[in-house]
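1. Requesting a structural model of the entry that follows:
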Amino acid sequence: MTSTPVTVEARAILFDMDGTLVDSTPVVEGMWGEFAARHDVDLAELLAFSHGRQTHHTMARFLPSGADGVAALAAFQAGELERTDGIQEIPGAGRLLAQLDGARVAMVTSAPRDLAMLRMAAAGLTVPEILICEENTPAGKPDPSGYLAAAEQLGVAAADCVILEDAEAGIQAALASGGRPLVVGAHASATTGSLLRVPDLSVITATVLDDGGVRLTWQPTD
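-> Below you'll find the model as predicted:
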């Protein structure tokens, strides 16, 4: 028996980057692994906190007392710009972005702008015209300011946006903005229990409507 396809319509689509459009796991976990070993930090705890958050927030939490936070952050961010090995698109990301040509689309990431541009290029993806990054949102996810800013720049209310996210901090930011989160991937928590989800972007078909809105359709996997 075939399940009924899920259909969602929105005036705009907002994307997170890492874990949603771009798989940067080898780089991210490798660099945080080196940081954790250098500072005798529990890597599993660090990764659970860091996913979806700005780097300086993670360092502020885990860098030992007395360490030079400014130097550590500068070195970490410089290293990120040197590493692209293993970065690739989340399955279906390029196809979905192409289908959304002409729609209201933005990307909201915790990464600095230069790193976002680098990782999108490494994954072979086109950066949406509206890009909200670390420099634009000092508070960072789970604060909703990034998604609110993206919606404002697109000329729509956040409540009229579908927000694709993969991490707890980002999902919380999406909910706090009043937008409608769509979970990408396997992350599950008390926050995600009632939310729609897809395993990756390859299952989604996007149709741009006459009024510039978007219809997303996919076959449920459960």
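2. drop to CA atoms for contacts and neighbour counts, all remaining ones
-> Fine.
3. Kindly state the domain boundaries assigned to the protein.
-> 6-24+87-218, 25-80 (automatic domain parsing).
4. any idea which of those domains is most buried?
-> Ranked by mean neighbour count, those are led by domain 6-24+87-218 with a mean of 20 (mean count of other C-alpha atoms under 10 Å).
5. first to last residue in that domain, what's the distance?
-> 5 Å (C-alpha to C-alpha, to the nearest Å).
6. just for the protein, where's the confidence low?
-> When residues are selected by pLDDT under 70, those of the chain lie in 1-2, 222.
7. Tell me where it has helices.
-> For the chain, the helices defined by DSSP state H cover 25-39, 43-50, 55-62, 69-80, 93-99, 113-122, 145-154, 168-177.
8. other SSEs contacting the second one?
-> For helix 43-50, the packing partners by 3 or more C-alpha pairs under 8 Å, 6 or more residues apart in numbering; DSSP states H and E come out as helix 25-39, helix 55-62.
9. CSV please, covering these and showing distance to residue 180.
-> Formatted as CSV, these follow (distance: least, C-alpha to C-alpha, whole Å):
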stretch, distance to residue 180
helix 25-39, 25
helix 55-62, 25
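10. between the ones you listed, which gets nearest to residue 203?
-> Comparison of the helices and strands packed on helix 43-50 against residue 203 by C-alpha to C-alpha identifies helix 25-39 as nearest, at 21.2 Å.
11. what angle separates the closest one from helix 69-80?
-> Helix 25-39 runs at 150 degrees relative to helix 69-80, counting by axes from the mean of the first three to the mean of the last three C-alpha atoms, to 10 degrees.
12. which strands and helices sit next to helix 25-39?
-> Short answer (3+ C-alpha pairs under 8 Å, 6+ apart): helix 25-39 packs on helix 43-50, helix 69-80.
13. Generate CSV for those helices, with distance to residue 104 as supplementary columns.
-> Shown next, in CSV, are the helices and strands packed on helix 25-39 (distance: least, C-alpha to C-alpha, whole Å):
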stretch, distance to residue 104
helix 43-50, 29
helix 69-80, 30
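14. Minimum distance to residue 149: which of these has it?
-> Of all the helices and strands packed on helix 25-39, it is helix 43-50 that lies closest to residue 149, at 22.3 Å by C-alpha to C-alpha.
15. Name the surrounding residues that touch that closest one.
-> Defining contact as C-alpha atoms under 8 Å, 6 or more residues apart in numbering, one finds that helix 43-50 is touched by 29, 32, 33, 36, 37, 58, 62.
16. Next up, the contacts around the residue lying closest to residue 143 once chain neighbours are set aside.
-> Sequence neighbours aside, residue 173 is the residue nearest to residue 143 in space, at 5.2 Å (criterion: C-alpha to C-alpha, 6 or more residues apart in numbering). Counting by C-alpha under 8 Å, 6+ apart, residue 173 makes contact with 141, 142, 143, 144, 145, 147.
17. which ones are touching residue 102?
-> 208, 212 are the contacts of residue 102 under C-alpha under 8 Å, 6+ apart.
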